[in-house]
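Undergrad: test case, fold it:
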Amino acid sequence: MRFADPGFLVLLLVPIGLAWWGWARRRRPPRNRIGFPALGFLAGAPAARQASRRWVPGALRGAGLGLLVVALARPQQPHDLQEIRSQSRNIMVALDISSSMKASDFKPGNRLEAAREVLAQFARRREGDLLGLVIFAGRSFLQAPLTPDTELLGEMLDRVDIGLLPDGTAIGTALALSLGQLRELPAASSAIVLITDGANNTGQPSPFVAAEAARALGIRIHTVGVSAPDTSGIDDGFIWREGRTPDRLTSSDEAVLRRIADRSGGHYFRATDPDALERIMTEIDPLERTEVRIAQTRDYRELYWWALLPAVLLLAAELVLRATRFRTLP
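TA: You can find the predicted model right below:
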C-alpha cells in the first residue's frame with residue numbers, strides 16, 4: 001500500500017493536539033465557578049455511568065478526524081502488477097591510449113581509431129545498460145562514469161586520443177579505477193572490458209592485485225589484446241622514428257592478460273585486426289547478459305473510502321451524543 005498525497009499525514013497532529021488540550025483542560029478548574037457547600041459526604045458514592053464515560057465523544061472526534069486525514073492522504077493498493085524481465089548490465093571499458101596504440105597495423109587507421117569505432121558500435125547496442133569509460137596510459141582517467149546515455153559515451157569516445165595522459169601502460173591503475181565504479185552495483189551483472197596492446201609497466205596497484213580485488217567483489221574482467229601478428233613491416237613515421245618496429249603483444253604479455261581474465265572469471269581475447277576486434281566485442285555481449293526481474297505497477301486501486309466512511313460515521317456519532325446523552329449546559 002502507498003499514499004498518493006502523504007503530505008496530508010502531517011495533519012494527524014491536529015487530533016493529537018486536540019486530545020492533549022482536552023485532557024489538560026479537564027485537569028484545570030474552570031475560571032468562573034459557583035461555590036457550593038462541602039460535599040465531602042458524597043466522596044464514597046459511586047460515579048454515575050454517564051459521568052464515567054464522558055471521554056467517549058472526545059475519542060469519537062479524535063478517531064474520526066484521524067481517519068479523515070488518512071482519507072485525504074489517499075491510500076492506494078497496487079492493482080495491475082506486472083513482472084518485466086530485463087537484460088541489465090553494468091560494463092566499464094578500460095581503453096589503452098598509450099603511444100603504442102598509434103601503430104597503423106589496424107588499417108585503414110590505427111589501433112586506437114579501430115578500438116574507438118568498435119566501442120562506439122558496441123555502445124549503440126547497449127539499450128538499457130549502464131556503460132562507463134576509463135582511459136589509461138601512464139595514469140588512468142575516468143572519461144565517462146556509468147551512464148545509460150549511449151550518445152554521451154560516443155561523444156566521450158570521440159575525444160579520446162594519444163597524448164591526453166603521460167605515456168606508459170598502467171593496467172592495474174585502470175582496473176582499480178573501473179572497480180571503484182562497479183563495487184556498489186550487483187556483481188552478477190557487472191564486468192570490465194580491458195583493451196590494451198602491451199603489458200603493465202607503471203602505476204599501482206599491479207594488475208594481479210586488481211584482478212584479486214575483482215575476484216573478491218565477484219566482478220569479471222575480460223581482457224582484449226590488440227596487435228597484428230607481425231608488425232615488422234609497419235612504418236607510420238610517428239612513434240617509430242628511431243628505427244624500432246611497433247610494439248606487438250608477446251607471449252608473455254598475453255600470459256599476463258590471460259591470467260588477469262582467468263583470475264577474475266573472465267575471458268582473454270586476441271584481436272589481430274579491426275574485424276577481429278568487432279567479432280570479439282560481439283562475443284563478449286552474450287557473456288554479460290543477466291536477466292533482471294522488475295515488478296512494475298501499472299494501476300492503483302483507491303482505498304480512501306475505507307477511511308472516509310468510518311470518519312463521517314464517527315464524527316456524526318460524536319455530534320449526536322453531545323446533543324443528547326452527553327449534552328452539557330453552558
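Undergrad: switch to C-alpha atoms for all contacts and neighbour counts from now on
TA: Will do.
Undergrad: name the nearest residue to the residue nearest the centre of the chain, sequence neighbours excluded.
TA: Compute the mean C-alpha point of the chain, and by Cα atoms, centre = their mean the closest residue is Leu185, 7.3 Å away. Distance criterion Cα to Cα, 6 or more residues apart in numbering; nearest residue to Leu185, sequence neighbours excluded, is Asn90 at 7.9 Å.
Undergrad: what's the burial count for the one you found?
TA: Asn90 has 26 neighbouring residues, counting by other Cα atoms under 10 Å.
Undergrad: what's across from it in the sheet?
TA: Leu130, Ser190 (DSSP bridges).
Undergrad: surely it touches Ser190?
TA: Yes: counting by Cα atoms under 8 Å, Ser190 is a contact partner of Asn90 at 4.6 Å.
Undergrad: so what sits against both of those two?
TA: Leu182 (Cα atoms under 8 Å, 6 or more residues apart in numbering).
Undergrad: and the strands in the chain?
TA: With strands called from DSSP state E, the chain shows them at 2-3, 75-78, 81-87, 90-96, 130-136, 140-147, 190-196, 220-226, 268-271, 291-297, 300-302.
Undergrad: closest one to Gly203 among the ones you listed?
TA: Nearest of the strands of the chain to Gly203, taken as Cα to Cα: strand 140-147 at 9.0 Å.
Undergrad: so what are the sheet partners of the closest one and their directions?
TA: Short version: by DSSP bridges, strand 140-147 pairs with strand 130-136 (antiparallel).
Undergrad: contact partners of the partner strand?
TA: So strand 130-136 is contacted by 88-98, 123, 140-148, 150, 153, 160, 165, 169-171, 174, 177-178 (Cα under 8 Å, 6+ apart).
Undergrad: which among those residues end up buried?
TA: 88-98, 123, 140-144, 146-148, 150, 153, 160, 165, 169-171, 174, 177-178 (16 or more other Cα atoms under 10 Å).
Undergrad: low-confidence regions, the protein specifically.
TA: For the chain, applying pLDDT under 70 flags the ranges 26-52, 79-88, 230-247, 285-299, 328-330.
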